[in-house]
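Enquirer: okay, sequence plus prediction incoming.
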Amino acid sequence: MTPFERIKKAALWVLGVLIILGFFGGWITVAGTINELHGLAEAQHWPVRRGVITQSYARRVVGFQNRKFWDVEIAGVYLETRQGSKQKFSVSRIGYGFEFSVNSQKRAERFAARFPVGTELDVYYRPDLPSYAILVRDNSSRATWIAFGVGLFLGLLPILLYIYGRLTGYQPSENLRN
């Protein structure tokens, strides 16, 4: 086998591995975007109450398998009282959609600075669980739809390549099979 054939074989092997990784990553992305789009659609029907922010900061979180990541911690109280006491809310996410995902310390700090302590604002909450809230619900889902499209393309790429190979009658050469 010549050096060129070995390089070609290695490059095709790497390409195959990348396609397989893209397949799994694509379907994980599709599942995540469907969850985000569902949450965004559901939040459009949530009621709104005025609230004031009492805590707002970026924090480092230890998650699954001791993986560390950054998150935003925002909490507050609703201004109007119900049942004689002020009701608290917490924001585990600012809004639905990938534009509100926190993936770095800088981004977490930017989100926390966007909602400083003492800010009075509209708070959108789940009707069955008023303590669970988001702060933005009228955002664009464009970035999430783009991620969905990319994930779907990567998830379907191996299937499309297989179909293309069957339709064109492509057969890998004997050199690549060994």
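Expert: Okay, I see it.
Enquirer: do a quick rundown of the strands in the protein.
Expert: Here the chain has its strands, by DSSP state E, at 48-62, 68-78, 88-91, 120-126, 129-134.
Enquirer: how close does Glu109 sit to Trp27?
Expert: To Trp27, Glu109 is 32 Å away according to C-beta to C-beta, to the nearest Å. Where C-beta positions appear, they are placed from N, C-alpha and C, glycine not excepted.
Enquirer: scratch that, Arg114
Expert: To Trp27, Arg114 is 33 Å away according to C-beta to C-beta.
Enquirer: care to break this structure down by domain?
Expert: 40-139, 140-172 (automatic domain parsing).
Enquirer: quick check: mean pLDDT of the shortest one?
Expert: The average of the pLDDT scores along domain 140-172 is 87.
Enquirer: next one: stretch 117-135
Expert: Stretch 117-135 shows a mean pLDDT of 90 in the predicted model.
Enquirer: going forward, begin numbering at 422 instead of 1
Expert: Right, with 422 as the first residue, what we last looked at is stretch 538-556.
Enquirer: export the strands of the chain to CSV and tack on distance to Gly586?
Expert: Converted to CSV, the strands of the chain look like this (distance: least, C-beta to C-beta, whole Å):
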stretch, distance to Gly586
strand 469-483, 45
strand 489-499, 40
strand 509-512, 49
strand 541-547, 48
strand 550-555, 46
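Enquirer: the ones you listed: which one's closest to Asn456?
Expert: Nearest to Asn456 among the strands of the chain is strand 550-555; the distance by C-beta to C-beta comes to 14.3 Å.
Enquirer: next up, the contacts around the residue nearest the centre of the chain.
Expert: Nearest to the geometric centre of the chain sits Phe519, at 4.7 Å (C-alpha atoms, centre = their mean). Residues near Phe519 by C-beta atoms under 8 Å, 6 or more residues apart in numbering: Thr454, Glu457, Ala564, Thr565, Ala568.
Enquirer: what's the closest of these to Lys430?
Expert: Nearest to Lys430 out of the contacts of Phe519 is Ala568 (C-beta to C-beta; 33.6 Å).
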